[in-house]
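K.L.:
Take this sequence and fold it.
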Amino acid sequence: MHFYDAERIGLFIDGSNLYAAARALGFDIDYKRLLNLFAAKGRLIRAFYYTALIEDQEYSPIRPLVDWLDYNGYTMVTKPTKEFTDAMGRRKIKGNMDIELAIDVMEMAQHLDHVVLFSGDGDFRRLVEAVQRKGVRVTVVSTVRSQPPMVADELRRQADTFLELLDLEPQIARTQYRDDRPAGYGPGGDPHPEEEDDLS
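P.N.:
The predicted structure follows:
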């Protein structure tokens, strides 16, 4: 990985995107190991984790993870999901956090030397470009090894460095015998609400 010792680093994790990428590669992420990995690369200023929450459910499968991350070094950015009915009459849940992530990256840029973006979403290409113009280096973490690839080609090209998530697996995967993460966040189901593009 291309990091310098004195670099001020900020992590920005698109929760549902990273979860989907890891699931497509067949492993679970140990978020304590992930934080320690990047903290050892420079001066970790902040680690943001973005996810939408279904608020009216009695039990949300992502709530234990959100609480655990909140107490273990992550800055949680959440918002309630919106429920709507699509053109086919199906109930859908929308929980897109792109705007929140973009605003935080732009606000934090002056305090950082290196932004690490955990997302493959091509919508972030312009954000990456804008931050680079401020003199900040950007690493994108996603995967091209899933079928289909989870990272948009334009985002990968815009980044200063692309980190393949599968290459990080030995350093950040949750091991069978060491489960620091809360129950209910295993491979059994996606705790993240489906993200829909907001057309309103």
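K.L.:
For Arg156, give me its contacts.
P.N.:
Gly120, Val140, Ser142, Val144, Phe162 (C-beta atoms under 8 Å, 6 or more residues apart in numbering). From N, CA and C alone the C-beta is placed, and that goes for glycine too.
K.L.:
Going by distance to Ala6, which of the residues you listed wins?
P.N.:
Val140 (22.1 Å; C-beta to C-beta).
K.L.:
My guess is that closest one contacts Leu163. True?
P.N.:
Yes. Between Val140 and Leu163 there is a contact at 7.1 Å, judged by C-beta atoms under 8 Å.
K.L.:
How far does stretch 84-103 stretch from one end to the other?
P.N.:
25 Å (C-alpha to C-alpha, to the nearest Å).
K.L.:
Can you give me the buried ones in that stretch?
P.N.:
Lys94, Gly95, Asn96, Met97, Asp98, Glu100, Leu101, Ala102 (16 or more other C-beta atoms under 10 Å).
K.L.:
Do you know the pLDDT at Ala6?
P.N.:
Note for Ala6: predicted pLDDT of 88.
K.L.:
Let's verify it: helix, strand, or coil?
P.N.:
coil (DSSP: H, G, I helix; E, B strand; the rest coil).
K.L.:
Check the one 3 residues further on too.
P.N.:
Taking three-state DSSP as the rule, one finds Ile9 in the strand state.
K.L.:
Sheet-wise, list the partners of the helix or strand of the chain with the lowest mean pLDDT with their directions.
P.N.:
Of all helical and strand segments in the chain, the minimum by mean pLDDT, DSSP states H and E falls on strand 91-94, at a mean of 71. Within its sheet, strand 91-94 is paired with strand 82-85 (antiparallel), according to DSSP bridges.
K.L.:
And the contacts of the partner strand?
P.N.:
Arg91, Lys92, Ile93, Lys94, Gly95.
K.L.:
got TSV for the residues you listed, with distance to Asp30 too?
P.N.:
Formatted as TSV, the contacts of strand 82-85 follow (distance: C-beta to C-beta, whole Å):
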residue	distance to Asp30
Arg91	34
Lys92	31
Ile93	27
Lys94	29
Gly95	24
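K.L.:
wait, which of those is closest to Phe3?
P.N.:
Gly95 (31.4 Å).
K.L.:
now, among the contacts of strand 82-85, which is nearest to Arg8?
P.N.:
Of these, the one sitting nearest to Arg8 (C-beta to C-beta) turns out to be Gly95, at 29.9 Å.
K.L.:
Skipping adjacent residues, who's closest to that closest one in space?
P.N.:
Ala52 (2.5 Å; C-beta to C-beta, 6 or more residues apart in numbering).
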